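Q: my questions concern the predicted model and sequence given below.
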Amino acid sequence: MKAEPAIESAGALREAGSLRELSALQWKSGIAAWLGWLFDGLDMHLYTLVAAPFVVQLLHATSNADPLVKRYSSWIQGAFLIGWALGGGFFGRIGDLLGRSRTLGLTILTYALFTGLSSCAHTWWHLLIFRFLAALGIGGEWAVGSSLLSETWPKRWRPWVAAVLQTGVNIGVLFACLTVYLMAGRNPRYVFLVGIIPALIVFWIRRSVPEPEEWRQAKSRARDQRPGVGELFRGAVLGTTIKTILVCSLSLTAWWAFMFWSQQHMRNLPELADWSVSRREQLVTAAFFVVITTSIGGNFFAGFLALIFGYRRSIALMCLGFFAAMFGAYIVPRDHTSLMYWLPWVGFFSGVFGLFTMYLPPLFPTLLRTTGAGFCYNIGRIAAAFGTVFFGLFSDVGDFRMALTYASLLFPAAVVVALTLPELDAPPRGG
């Protein structure tokens with residue numbers, strides 16, 4: 001059976017010339033997806049900010065430098081990233097079958113519930129299970145939210161929509177930073193209770209956000225002959241699937257190695273040895289704040305590049321800048337003051353991930369859209385999960401500089417593959 005070609009719904013995607021011309025559907029879908037991504041960013045990063053002190057507590061260890069803290073905290077993060085990947089595939093498929101709006105609500109409920117339950121963990125493996133389950137919803141929300149917007153917002157606005165949507169994640173991460181900063185010195189388990197808040201928006205989504213007309217039409221035409229997951233690996237779609245998986249896996253592995261090990265590296269810098277725990281955690285949180293704040297500017301810079309050079313060239317350029325910033329930050333030993341000059345550039349070029357938001361879904365046929373985008377983007381999380389643990393093996397206890405340097409070398413490979421991706425003007429047809 002052939003998969004249905006990707007289509008554009010004239011009604012849903014009318015080319016509005018200004019914000020006033022946007023329809024109620026477009027506003028509602030945009031707000032729902034943005035809020036979903038904001039809380040996505042909040043819930044996904046609460047753990048990375050308190051990983052070391054919380055795992056120290058769960059293991060009854062004496063300090064962050066305990067080798068078991070490094071081992072188990074990386075396993076927990078690895079489980080989270082695997083759950084993210086599986087959730088992208090699972091909820092992506094649900095989104096194609098049940099609809100974007102319904103599934104968006106399910107993903108938010110999932111990550112809100114299990115992030116909150118993380119506060120109840122009393123052993124490291126309790127936390128691993130809760131983070132894995134929360135990640136199922138976080139991974140699914142990306143696929144569903146991005147497809148919802150690609151089917152309801154005007155095509156020419158998509159680079160800016162991608163930037164705004166990715167900014168929702170960034171602001172959510174900043175809220176996570178603020179939460180941890182304000183709660184520095186308190187029991188880290190209470191941080192996760194903030195993650196329950198996203199559940200409150202689900203009721204509004206179910207009441208106010210309809211399913212996109214494009215999805216409704218595609219479902220009606222397909223009837224009982226909807227394309228299966230196997231269609232991702234057949235015909236013209238196969239090449240797109242493989243190349244997208246490679247680009248996402250390479251870039252996300254390097255990014256998550258940075259997100260996780262850069263904080264552990266800063267905590268264990270020699271000049272911070274005499275600092276109090278709360279002062280050290282505030283520095284780490286402040287550094288993370290700088291990375292995420294500058295990434296907001298990077299989102300819009302990436303969108304600007306996409307308007308000039310197209311998506312695939314812009315992805316390649318941003319990955320090249322990402323490599324230069326991350327490699328430069330860690331190729332030589334630096335103190336925390338010196339690192340603070342490099343970290344903003346790492347954050348700025350992380351704006352590349354905003355491009356994936358609007359670029360990936362339209363590459364796939366309508367009834368494979370959330371499945372394809374969710375699977376390809378989030379399969380990179382599995383690579384990132386193993387990469388987080390793998391690159392950690394290159395480090396001495398407390399010194400993660402070489403792990404971060406080696407991880408940066410994945411970006412040049414991502415550049416090469418990105419240049420072979422298709423342009424959106426010629427989406428693949430089902431095989």
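A: Arrived safely, thanks for sending. Numbers count the residues shown, from 1 in each chain.
Q: name the helices or strands packed onto the longest helix belonging to the chain?
A: Ranked by residue count, the top helix of the chain under DSSP state H comes out as helix 24-59. Under the contact criterion of 3 or more C-beta pairs under 8 Å, 6 or more residues apart in numbering; DSSP states H and E, helix 24-59 touches helix 67-98, helix 100-117, helix 124-150, helix 158-182, helix 202-208, helix 235-267, helix 277-309. (Glycine included, C-beta is placed from N, CA and C.)
Q: if we use 6 Å, what do you get?
A: Judged by 3 or more C-beta pairs under 6 Å, 6 or more residues apart in numbering; DSSP states H and E, the packing partners of helix 24-59 are helix 67-98, helix 100-117, helix 124-150, helix 158-182.
Q: which one of those helices is the most hemmed in?
A: helix 124-150 (a mean of 27; mean count of other C-beta atoms under 10 Å).
Q: report all helices and strands that it contacts.
A: helix 24-59, helix 67-98, helix 100-117, helix 369-392.
Q: contacting residues around the closest residue to Gly139 other than its chain neighbours?
A: Spatially, and ignoring its direct neighbours in sequence, Gly139 is nearest to Gly87 (3.3 Å; C-beta to C-beta, 6 or more residues apart in numbering). If a contact means C-beta atoms under 6 Å, 6 or more residues apart in numbering, then Gly87 has 135-136, 139-140 as its contacts.
Q: check the helices and strands packed on helix 124-150 for me: which has the lowest mean pLDDT.
A: Note on the helices and strands packed on helix 124-150: lowest mean pLDDT is at helix 369-392, with a mean of 73.
Q: and Ile308, what's its pLDDT?
A: Note on Ile308: pLDDT of 90.
Q: measure it to Leu22 for me?
A: Distance of Ile308 to Leu22, computed by C-beta to C-beta, to the nearest Å: 24 Å.
Q: cool, Asp43 as well?
A: 28 Å.
Q: one more: Gly30?
A: Going from Gly30 to Leu22 by C-beta to C-beta gives 8 Å.
Q: the more surrounded of these two?
A: For Gly30 versus Leu22, neighbours defined as other C-beta atoms under 10 Å are more numerous around Gly30 (22 against 17).
Q: just how off-centre is the longest helix of the chain within its chain?
A: Here helix 24-59 is found 10 Å from its chain centre; the criterion is C-alpha atoms, centre = their mean, to the nearest Å.
Q: likewise for stretch 246-260?
A: Its chain's C-alpha centre and that of stretch 246-260 lie 10 Å apart, by C-alpha atoms, centre = their mean.
Q: follow-up on the earlier one: now render the helices and strands packed on helix 124-150 as JSON lines, adding distance to Arg401.
A: Compiled in JSON lines, these are given as follows (distance: least, C-beta to C-beta, whole Å):
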{"stretch": "helix 24-59", "distance to Arg401": "17"}
{"stretch": "helix 67-98", "distance to Arg401": "14"}
{"stretch": "helix 100-117", "distance to Arg401": "31"}
{"stretch": "helix 369-392", "distance to Arg401": "11"}
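Q: in the stretch 101-250 of the chain, where is pLDDT below threshold?
A: Residue ranges of the stretch 101-250 of the chain with pLDDT under 70: 222-229.
Q: ignore what I typed, I meant the stretch 251-400 of the chain.
A: Short version for the stretch 251-400 of the chain, where the test is pLDDT under 70: 381, 385, 388-389, 391-399.
Q: switch to 90 and redo it
A: Scanning the stretch 251-400 of the chain with the threshold set as pLDDT under 90 gives 252-253, 256-257, 259-286, 288-289, 292-293, 307, 310, 333, 335-336, 354-400.
Q: counting neighbours, what do you get for the closest residue in space to Gly145 that isn't next to it in sequence?
A: Leaving aside its chain neighbours, Gly145 sits nearest to Ala33 (3.9 Å; criterion: C-beta to C-beta, 6+ apart). Neighbourhood size, Ala33 [other C-beta under 10 Å]: 31.
Q: need the contact list for Ala33.
A: Contacts for Ala33 (C-beta under 6 Å, 6+ apart) come out as 145, 148-149.
Q: how about a markdown table for those, with distance to Thr366 added?
A: Formatted as a markdown table, these follow (distance: C-beta to C-beta, whole Å):
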| residue | distance to Thr366 |
| --- | --- |
| Gly145 | 16 |
| Leu148 | 12 |
| Leu149 | 14 |
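Q: closest one of these to Leu272?
A: Distances from Leu272 to the contacts of Ala33, taken as C-beta to C-beta, are shortest for Gly145 (38.2 Å).
Q: quick one: buried residues of the longest helix of the chain?
A: Neighbour-count burial for helix 24-59, counted by 16 or more other C-beta atoms under 10 Å, picks out 25-26, 28-59.
Q: likewise for stretch 274-290?
A: Counting neighbours by 16+ other C-beta under 10 Å, one finds that the buried residues in stretch 274-290 are 280-285, 287-290.
Q: just flag the most distant two among these.
A: Most distant of those, by C-beta to C-beta, are Arg280 and Val290, 16.0 Å apart.
Q: helix, strand, or coil at the most far-flung residue of the chain relative to its centre?
A: Among the C-alpha atoms of the chain, the one farthest from their average position, using C-alpha atoms, centre = their mean, is that of Asp274, at 34.8 Å. State at Asp274, reduced to three classes by DSSP: H, G, I helix; E, B strand; the rest coil: coil.
Q: phi and psi next, for it.
A: Main-chain torsions, Asp274, degrees, to the nearest 10: phi -90, psi 0.
Q: same question, Ala418
A: Main-chain dihedrals, Ala418, degrees, to the nearest 10: phi -60, psi -40.
Q: my read: it touches Ser314, true?
A: No. Assessed by C-beta atoms under 6 Å, Ala418 is found out of contact with Ser314, at 8.9 Å.
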